[in-house]
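J.: Have a look at this fold, sequence not included:
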């Protein structure tokens, strides 16, 4: 079982590789090699029995992408992307990486005879734009209102068509916003969803730029890794021809998140959150999808947290050594 | 008012140009020039006062596409495409023309500063694949089950995103199956919908390869031209950010079509239809969408025929000199 991870230096990529190395198996077979690729070289440790290699490059270069699959990996996790804010700020770069890069990968796979690897593709709830029903069902149309969402939706369409044609065996996952992201606070518009939990848990202040009644759709990094692994294992015939799935998640308000923080970490932690409305972020978040009914994914066995206490506890377990 | 028509040699392209030449106006302005482009040179006559030029080339070549818009046409009708059957048979060609060609056009427009022409793009009900609700509403997700439908859906996404970014001013039209197509019977799987009307009207035999209870979604060539013209004229702000619209049409069974033929042309015409079930065509048609509720387009003023007698009469008027 040879595995290729594109986007290996990203948060989900790193955690996915750690999990694969710890488990040592996928689809019932022993993992013999993992190749982690990103725009910068990922730093990976290699346990006995599994060959781990890393490389860096640009997927908008078709030759780079073709070289990545020359040794025919059995499972490919395609998590590489320019994030939403950058894809909006740099029109050309977003399309080159998110659209052309994805197409190069899929086309390179299609060009090899008798080679139909399972390809797990990370899409996003950014494929949905207002107006939206509440909840958003599995048959609601894709109406992205960002270039990032557009590029992800195009990747979904390519994945389904090439899978239907038998050229690859793809599964697309529309990931919820991943909370609690480890690491430093960042300037992404969605960053505060993680900041207001992670920073107070570490005894540091955090800014809340929106009102407490803002609802959003979330899952933990642990669930994101679980989605990827389950998507690698699942029987394609069970999914049917429509290969892109809205992942399960938790629809919860910022106020409920903060209540959960109080339950898990106490009043002092909650008091580290400063409310400081930011009209720019408020107007961006206003256009985001907030609640889904992910029936197809649920029926196919994808699972996420059912309450926010679980999401906080996953962060404490995975990032803070299990206790505060 | 300078107009560019891509796909000028196709059935809708030719009729659209004829109509534009006859009217002499678009968006309240006198038409000064029409450039008709296709893979083969269209044959067009030029009335006084309007410069008509034709050229031939391949839109999968980015330089060709950029040259077409060098003189900044005010309205562009992008009707050029490899048809469904060919796009399925030739994977590379379909993506090159239908996806890359469309992107080249849109990117070339985006690259010109202070230039946001109205672009009318012909999409198709092939963006929808089974399972489908009855009727299919305006918010049903796009799940194409052909490469052609996938390519058209990708064009829709690009059109919406570039329009949202102010790089062009696009309107995408999901056209129904166009019936009655003039000309010779062709081998397209949908060809029989036209053949069983056009051939008997001309006193010739026709083959019906499916059962009479097959329902389909149709509009006349005259309506298709009307959709294009209305899409060129309509206020973009009225449409909003979701720029792709399912066009109105008529959901009707083959049996009802044949009854209408009998009313308009008599029993002798009906008797020219030979029922000869073709399992291949039956299974293809089985996966096609058959009935829509095109509320958005209707509310924006797009209009199609309300019964099949009108569609037959439009054919008699436009192709047979007004009488049998």
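T.: Yes, it's here. Computed from a prediction, not measured in an experiment: that's the story for all the values here.
J.: Count residues in the vicinity of the residue of the stretch 1-150 of chain A found nearest chain B, would you?
T.: Across the stretch 1-150 of chain A, the shortest distance to chain B (Cβ to the nearest Cβ) belongs to residue A:150, at 4.0 Å. Any C-beta I mention is one placed from the backbone N, CA and C, and that applies to glycine too. Neighbours of residue A:150 under the rule other Cβ atoms under 10 Å in any protein chain shown: 31.
J.: hang on, isn't it packed against residue B:156?
T.: No: between residue A:150 and residue B:156 there is no contact under Cβ atoms under 8 Å: 10.0 Å.
J.: quick one on the thing from earlier: so which strand or helix has the residue of the stretch 1-150 of chain A closest to chain B?
T.: Element membership of residue A:150 [criterion: DSSP states H and E] is helix A:147-164.
J.: So which elements touch that helix?
T.: helix A:84-89, helix A:91-94, helix A:102-111, strand A:118-124, strand A:169-175, strand A:244-246, helix B:147-164 (3 or more Cβ pairs under 8 Å, 6 or more residues apart in numbering or on different chains; DSSP states H and E).
J.: Show me what from chain A comes close to chain B.
T.: Residues of chain A lying close to chain B by Cβ under 8 Å from any Cβ of the partner chain are A:91, A:110, A:129, A:133, A:138-145, A:147, A:150, A:153-154, A:157-158, A:160-161, A:164-165, A:241-242.
J.: please redo it, this time with the cut-off set to 6 Å
T.: Proximity of chain A to chain B, by Cβ under 6 Å from any Cβ of the partner chain, involves residues A:139-141, A:143, A:147, A:150, A:153-154, A:157, A:161, A:242.
J.: most surrounded residue in these?
T.: Most neighbours among the residues of chain A next to chain B, by other Cβ under 10 Å: residue A:150, with 31 neighbours.
J.: Look at the nearest residue to that residue once chain neighbours are set aside and report its pLDDT.
T.: With sequence-adjacent residues excluded and distances taken as Cβ to Cβ, 6 or more residues apart in numbering or on different chains, residue A:150 is closest to residue B:161, at 4.0 Å. Looking at residue B:161, its pLDDT stands at 98.
J.: Now do residue B:161 against residue A:99, distance only.
T.: For residue B:161, the distance to residue A:99 equals 10 Å [Cβ to Cβ, to the nearest Å].
J.: Also residue A:81?
T.: Computed as Cβ to Cβ, the residue A:81 to residue A:99 distance reads 10 Å.
J.: do the same with residue A:12
T.: Taking Cβ to Cβ, one finds residue A:12 at 20 Å from residue A:99.
J.: For those two, indicate the residue with more neighbours.
T.: Using other Cβ under 10 Å as the criterion, residue A:12 and residue A:99 rank with residue A:99 on top: 24 against 21.
J.: Check what pLDDT the more buried one gets.
T.: 98.
J.: mind checking the SS state of it?
T.: Put simply, residue A:99 is helix when judged by DSSP: H, G, I helix; E, B strand; the rest coil.
J.: Show the contacting residues for it.
T.: The contact partners of residue A:99, taken as Cβ atoms under 6 Å, 6 or more residues apart in numbering or on different chains, are A:151, A:154.
J.: and with 10 Å instead?
T.: The neighbourhood of residue A:99, defined by Cβ atoms under 10 Å, 6 or more residues apart in numbering or on different chains, consists of A:60, A:87, A:147, A:150-155, A:158, B:103, B:154, B:157-158.
J.: nearest residue to residue A:281 other than its sequence neighbours?
T.: Of all residues not flanking residue A:281 in the chain, residue A:209 sits nearest, at 4.4 Å (Cβ to Cβ, 6+ apart).
J.: And for that neighbour, the neighbour number?
T.: 22.
J.: Same question for the one 4 residues further on.
T.: For residue A:213, the number of neighbouring residues by other Cβ under 10 Å comes to 9.
J.: dump the residue contacts of it.
T.: Taking Cβ under 10 Å, 6+ apart as the criterion, residue A:213 is in contact with A:253-256.
J.: Kindly report the same for residue A:145.
T.: Residues in contact with residue A:145, defined by Cβ under 10 Å, 6+ apart, are A:126-130, A:287-288, B:160-161, B:164, B:241-242.
J.: Just the pLDDT for the residue nearest to residue A:281.
T.: pLDDT, residue A:209: 96.
J.: and if you look at residue A:26?
T.: In the prediction, the pLDDT value recorded for residue A:26 is 97.
J.: Beta-bridge partners for it, please?
T.: Beta-bridge partners of residue A:26, counted by DSSP bridges, are residue A:29.
J.: could you list every residue that touches it?
T.: Taking Cβ under 10 Å, 6+ apart, one finds A:1-3, A:20, A:34, A:74-75, A:118, A:229, A:232-233 in contact with residue A:26.
J.: how near is it to residue A:279?
T.: Between residue A:26 and residue A:279 the computed distance is 46 Å (Cβ to Cβ).
J.: Give me the pLDDT for residue A:304.
T.: pLDDT recorded at residue A:304 is 97.
J.: ugh, wrong one, I meant residue A:187
T.: With respect to pLDDT, residue A:187 has a value of 68.
J.: ok, residue A:267 - how many residues close by?
T.: 8.
J.: show me the contacts for it.
T.: Listed by Cβ under 10 Å, 6+ apart, the contact set of residue A:267 reads residue A:261.
J.: Give me the phi and psi for it.
T.: phi -70, psi -40 (degrees, to the nearest 10).
J.: ok, the spatially most central residue of chain A to residue B:278 distance?
T.: Closest residue to the average C-alpha location of chain A: residue A:175 at 4.9 Å, with Cα atoms, centre = their mean. Between residue A:175 and residue B:278 the computed distance is 44 Å (Cβ to Cβ).
J.: and of the contacts of residue A:99, the nearest to residue A:314?
T.: Of all the contacts of residue A:99, residue A:152 has the smallest distance to residue A:314: 25.0 Å, by Cβ to Cβ.
J.: List the contacts of the closest one.
T.: Residue A:152 makes contact with A:81, A:84, A:87, A:98-99, A:102, A:121-127, A:142, A:144, A:146, A:172, A:174-175, A:244, B:157 under the criterion Cβ under 10 Å, 6+ apart.
J.: Now restrict those residues to buried residues only.
T.: Using 16 or more other Cβ atoms under 10 Å in any protein chain shown as the burial test, the contacts of residue A:152 include A:81, A:84, A:87, A:98-99, A:102, A:121-127, A:142, A:144, A:146, A:172, A:174-175, A:244, B:157 as buried.
J.: Wasn't residue A:260 part of a helix?
T.: Yes: with three-state DSSP as the criterion, residue A:260 is part of a helix.
J.: and the residue nearest to it when sequence neighbours are not counted, how many neighbours?
T.: Leaving out its chain neighbours, the residue that sits closest to residue A:260 by Cβ to Cβ, 6+ apart is residue A:308, at 4.0 Å. If you count neighbours by other Cβ under 10 Å, residue A:308 ends up with 24.
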